[in-house]
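Enquirer: Next one to model:
(4 chains)
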2 protein chains.
Amino acid sequence: MGRRRTFDVEKVLDAVLCVFWRKGYEGASYADLTEAAGVERPALYSAFGNKEALFRRALDRYHERYMAFIPEALQLPTAREVAAQILYGSADLNTRYPDHTGCLNVNGALAGSDEAEPIRQALIDARAAGEAQLRERFERAKGEGDLPETAKPDVLAAFVLAVAHGMAVQAKAGFRRDMLEAVVQQALSTWPTGSSNLSGELV
Amino acid sequence: MGRRRTFDVEKVLDAVLCVFWRKGYEGASYADLTEAAGVERPALYSAFGNKEALFRRALDRYHERYMAFIPEALQLPTAREVAAQILYGSADLNTRYPDHTGCLNVNGALAGSDEAEPIRQALIDARAAGEAQLRERFERAKGEGDLPETAKPDVLAAFVLAVAHGMAVQAKAGFRRDMLEAVVQQALSTWPTGSSNLSGELV
DNA sequence: GTAGATCCGTAACGATCGTTACAATAAGGG
DNA sequence: CCCTTATTGTAACGATCGTTACGGATCTAC
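Expert: Residues are numbered from 1 along each chain as shown, chains lettered A, B, ... in the order given. Next up is the predicted model:
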């Protein structure tokens, strides 16, 4: 059967993920990746394929390990709780690790060379998938009377994720968690209600 | 006094600016820059210095030519109008040019290699300067009774710019202007007021 | 018209990029 | 114990990165 692998594939993937999280797809070199992983280049190629495939694996792992709060949030009873959980969860995740702040979905490849276009599009698709889920959840809330008839689920979803992405930019700039949480509170103060709460006050 | 320049420095700077806008600092190569500018590399070095200095010149020009709506917005009479002008102006700028969407302040260098750290910090500083101006404007509004005593100018400024930065991310992902404008409307839907407008309706 | 200064394009610099031969090493099956 | 198979680290690949010598071209000043 031949020689066996001497490193833990998942641990290496975690180390690689952190580098991509901090430096983005193009900003992370194989020198950075091998140093963080404690593994030489051919081992990375053998285990994961080329850089693009490695990033996609790291991105999948990111969603599994760090974005699990999103599907959890979608199961909460009210649309407002869903939005609050997503926004507070984002503020937390974006500031939890001082050496890789922000969000991989945003940091990964916002702008870059033409060579990075497939990865940039993959991140766009990943964000669009999350937005579609959120929109569907808000449509359900509208049907349940949890959101008013005038509410626009697509706009609400885009708004919530705009705030989340903006916080990711701010976290990458060094914003502290309590500031982001205050931003979330302000964002939620505009939340529409199905009944009589027109005051804009927090529930 | 010697041979004269055969190209228009400002036009070259505009062409360079568009490339940085689309691909970011590290994603834009000299091959890209010279092709867009119609000028060979040594001419760029002679006129602007190295890549970092060239980007800073392009960034200055960006603020002069495209972000002029910010200081204009700050002079509007009410805090709500200031916020609205900044957000609608951002939505417009982020989607106005199909081949370089989003915002240079965000696209330029959100994440990247260590070599890009000075530029990344310069963009952070530029955004922080705009945020400080906005906060001061909101402090003034608070003193004028335009914002309630409970309002937090720093949080409001961070919130407005979080929405703006989030829209920049979304615009770079292909969001259309009308969608961003709906996001802006949602963000403004319950702007705090100093007097009796607690309905959350748009003015 | 000539001298001096400045700019232009070609072509190359060393460094780093992502990627991969290749040989040594270590495991299992006969 | 040998053969096969797979993994390891070294060391290099061609391409591209940002940067710059250098020589020919073009201007002003005298």
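Enquirer: C-alpha from now on. contacts and neighbour counts both.
Expert: Fine.
Enquirer: Please put the alpha-carbon coordinates of stretch A:171-190 into CSV.
Expert: Provided in CSV are the C-alpha atoms of stretch A:171-190 (Å, rounded to 0.1, in the frame of the first residue of the first chain):
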residue,chain,number,x,y,z
ALA,A,171,-13.6,44.2,11.6
LYS,A,172,-10.8,43.7,9.1
ALA,A,173,-9.9,47.4,9.8
GLY,A,174,-9.7,46.7,13.5
PHE,A,175,-13.1,47.6,14.8
ARG,A,176,-13.8,46.1,18.2
ARG,A,177,-16.7,43.7,18.9
ASP,A,178,-18.7,46.1,21.1
MET,A,179,-18.7,48.6,18.3
LEU,A,180,-20.0,46.1,15.8
GLU,A,181,-22.6,45.0,18.3
ALA,A,182,-23.8,48.6,18.6
VAL,A,183,-24.0,48.7,14.8
VAL,A,184,-26.1,45.6,14.9
GLN,A,185,-28.4,47.1,17.5
GLN,A,186,-28.8,50.1,15.3
ALA,A,187,-29.5,47.9,12.2
LEU,A,188,-32.1,46.0,14.1
SER,A,189,-33.9,49.1,15.3
THR,A,190,-35.2,49.5,11.8
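Enquirer: Would you mind listing the buried residues in that stretch?
Expert: Under the neighbour-count criterion of 16 or more other CA atoms under 10 Å in any protein chain shown, stretch A:171-190 has A:171-173, A:175-177, A:179-190 buried.
Enquirer: Return the residues of chain A in contact with DNA strand C.
Expert: Contact residues (CA under 7 Å from any atom of the strand) of chain A with DNA strand C: A:1-4, A:26-31, A:41-42, A:45, A:50-52.
Enquirer: from those, which two are the most distant?
Expert: A:M1 and A:G27 (37.4 Å; CA to CA).
Enquirer: For chain A, which residues score under the pLDDT cut-off?
Expert: A:194-203 (pLDDT under 70).
Enquirer: The residue in it that DNA strand D sits nearest to: neighbour count?
Expert: Nearest residue of chain A to DNA strand D: A:G2, at 2.5 Å (CA to the nearest atom of the strand). A:G2 is flanked by 4 other residues according to other CA atoms under 10 Å in any protein chain shown.
Enquirer: Can the lengthiest helix in chain A be said to contact chain B?
Expert: As assigned by DSSP state H, the longest helix anywhere in chain A is helix A:117-143. Yes. Helix A:117-143 reaches chain B (CA under 8 Å from any CA of the partner chain) through A:I124.
Enquirer: What residues of that helix count as buried?
Expert: For helix A:117-143, using 16+ other CA under 10 Å, the buried residues are A:119-120, A:122-124, A:127-128, A:131, A:134-135, A:137-142.
Enquirer: Same question for stretch A:61-78.
Expert: A:61-62, A:67, A:69-70, A:73-74, A:78.
Enquirer: ok so, going back, from the buried residues of stretch A:171-190, which ones fall inside helices?
Expert: A:171-172, A:177, A:179-188.
Enquirer: ok, those residues vs B:L104, which is closest?
Expert: Relative to B:L104, the closest of those is A:K172; by CA to CA it sits at 15.7 Å.
Enquirer: more neighbours, A:M1 and A:G27?
Expert: Legend: neighbour count by other CA under 10 Å for A:M1 and A:G27, higher for A:G27 (25 against 3).
Enquirer: Was I right to think that one contacts B:E117?
Expert: No. Taking contacts as CA atoms under 8 Å, A:G27 lies outside contact range of B:E117: 10.7 Å.
Enquirer: the helices in chain A, which residues?
Expert: A:9-27, A:30-37, A:41-48, A:51-66, A:69-74, A:79-96, A:104-107, A:117-143, A:153-172, A:177-188.
Enquirer: Dump the ones you listed to TSV, plus distance to B:F159.
Expert: Shown next, in TSV, are the helices of chain A (distance: least, CA to CA, whole Å):
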stretch	distance to B:F159
helix A:9-27	24
helix A:30-37	34
helix A:41-48	40
helix A:51-66	24
helix A:69-74	22
helix A:79-96	13
helix A:104-107	18
helix A:117-143	20
helix A:153-172	8
helix A:177-188	5
